[in-house]
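>>> here are the coordinates; sequence isn't available:
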Ligand SMILES: *Cc1c(COP(=O)(O)O)cnc(C)c1O
């Protein structure tokens, strides 16, 4: 008898999430995981590493609340935004009974976390304008506990329309939670939905330090919600989710000087993105450049797979979305530093 047979049937049937790291590849320019091109400088005080850390380090919670314009009672810190997504599912969805709703094409972890927890998935695909189909979602509200929207959407870059979101929130009152994943909101902060948190306890936001803050390696993310929702999530989260060094680095990243560094990085990435989008837009092998709201561009090429292979041969690793519904020939390019963007353009100019 094989040990695999001992695992839950649900787990035996799973295919693990194809993260950028797991797909891997040979290359020297990594533009496939929406990471920042630079890290930062941080100091570590190792004098308390013998002690268990605080479950919710107050210096991190308070700094994030101030940054996001909410109260500390509205903030949960977790191992990346991904753990926030999973905690929501584990807290609100009964395995084998409940469903989440998502709108493809979108971030893969909503479906993965639902599947690993035995929770069903209802897909209401984005409409042809790549907006959530709000009427279609509202029709499903009695069948789902959580609605996942992503703004800017990974990988398409589109923002969730505020009027539509408000209509959904009104319909979802006392029926379901609406989760808006704002992992990339620092690249277009004027479009946050955080102002709605005060009026809508059924709204939840997901945030992260992995993208604009350049800290994917420390695994630190945030859930913003009503104190009632945060209290429920705190019942489910592990007792020591945030390692002490992570808390120290996060607090420094959220200090005044950390925020200044982050905003300078965002300005630089946005400028490089605008330049790349213009140059791609004029290129004969580019059919479409999608909405430029994150630290990435989704691009439809005339022949996506060939372009992806050409980049890989040049050591440039991108993310291929060509197999996803509606995204044939689409490749996502993370905005790295200017040398990396030049390398991408150089490969494009060759052998046209
Ligand atoms: C990167 C990302 C996250 C969270 O990433 P963590 O590294 O787990 O914080 C969440 N949502 C989307 C859409 C992302 O792209």
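Great, that's in hand. What you are looking at is a predicted structure, and each value in this text was computed from that prediction instead of being measured.
>>> once you drop chain neighbours, what's closest to the residue of the stretch 251-352 of the chain at minimum distance from the ligand?
Nearest residue of the stretch 251-352 of the chain to the ligand (C-beta to the nearest ligand atom) works out as residue 294 at 7.9 Å. From N, CA and C alone the C-beta is placed, and that goes for glycine too. Once flanking residues are discounted, residue 294 sits nearest to residue 184: 3.7 Å by C-beta to C-beta, 6 or more residues apart in numbering.
>>> contacting residues for that neighbour?
34, 152, 154, 211, 212, 293, 294, 295 (C-beta atoms under 8 Å, 6 or more residues apart in numbering).
>>> distance of the fifth one from the ligand?
Distance of residue 212 to the ligand, given as C-beta to the nearest ligand atom, to the nearest Å: 11 Å.
>>> identify the residues contacting the residue lying closest to that residue once chain neighbours are set aside.
For residue 212, ignoring the flanking residues on the chain, the nearest one in space by C-beta to C-beta, 6+ apart is residue 186 at 3.3 Å. Counting by C-beta under 8 Å, 6+ apart, residue 186 touches 211, 212, 213, 262, 263, 266.
>>> let's go with 10 Å and repeat that
When contacts are counted by C-beta atoms under 10 Å, 6 or more residues apart in numbering, residue 186 touches 67, 192, 207-209, 211-213, 259, 262-263, 265-266, 269-270, 294-295.
>>> can I assume it sits in a strand?
No: counting by DSSP: H, G, I helix; E, B strand; the rest coil, residue 186 is not part of a strand but helix.
>>> next one: it from residue 315, what distance?
Going from residue 186 to residue 315 by C-beta to C-beta, to the nearest Å gives 29 Å.
>>> next one: residue 47
Distance from residue 47 to residue 315, counting by C-beta to C-beta: 43 Å.
>>> and the two? Which one has more around it.
More neighbours surround residue 315 than the other of residue 47 and residue 315, with 14 against 8 (other C-beta atoms under 10 Å).
>>> look up how far residue 30 lies from that one.
Counting by C-beta to C-beta, the gap from residue 315 to residue 30 is 10 Å.
>>> equivalent analysis for residue 43, please.
27 Å.
>>> ok, now residue 152?
21 Å.
>>> neighbour count for those two, which is higher?
residue 152 (24 against 19).
>>> ok, the residue in the chain that the ligand sits nearest to - how many residues close by?
Taking C-beta to the nearest ligand atom as the measure, the point where the chain comes nearest the ligand is residue 80, at 2.5 Å. A count of nearby residues for residue 80, using other C-beta under 10 Å, gives 21.
>>> and for residue 147?
Neighbours of residue 147 using other C-beta under 10 Å come to 28.
>>> isn't residue 284 right up against residue 303?
No: taking contacts as C-beta atoms under 10 Å, residue 284 lies outside contact range of residue 303: 11.4 Å.
>>> more crowded one of these two?
Ranked by neighbour count (other C-beta under 10 Å), residue 284 and residue 303 place residue 303 first, with 13 against 8.
>>> list phi and psi for that one.
phi -140, psi 90 (degrees, to the nearest 10).
>>> where does the residue lying closest to residue 320 once chain neighbours are set aside land in three-state SS?
With sequence-adjacent residues excluded and distances taken as C-beta to C-beta, 6+ apart, residue 320 is closest to residue 308, at 4.8 Å. Secondary structure for residue 308, judged by three-state DSSP, is helix.
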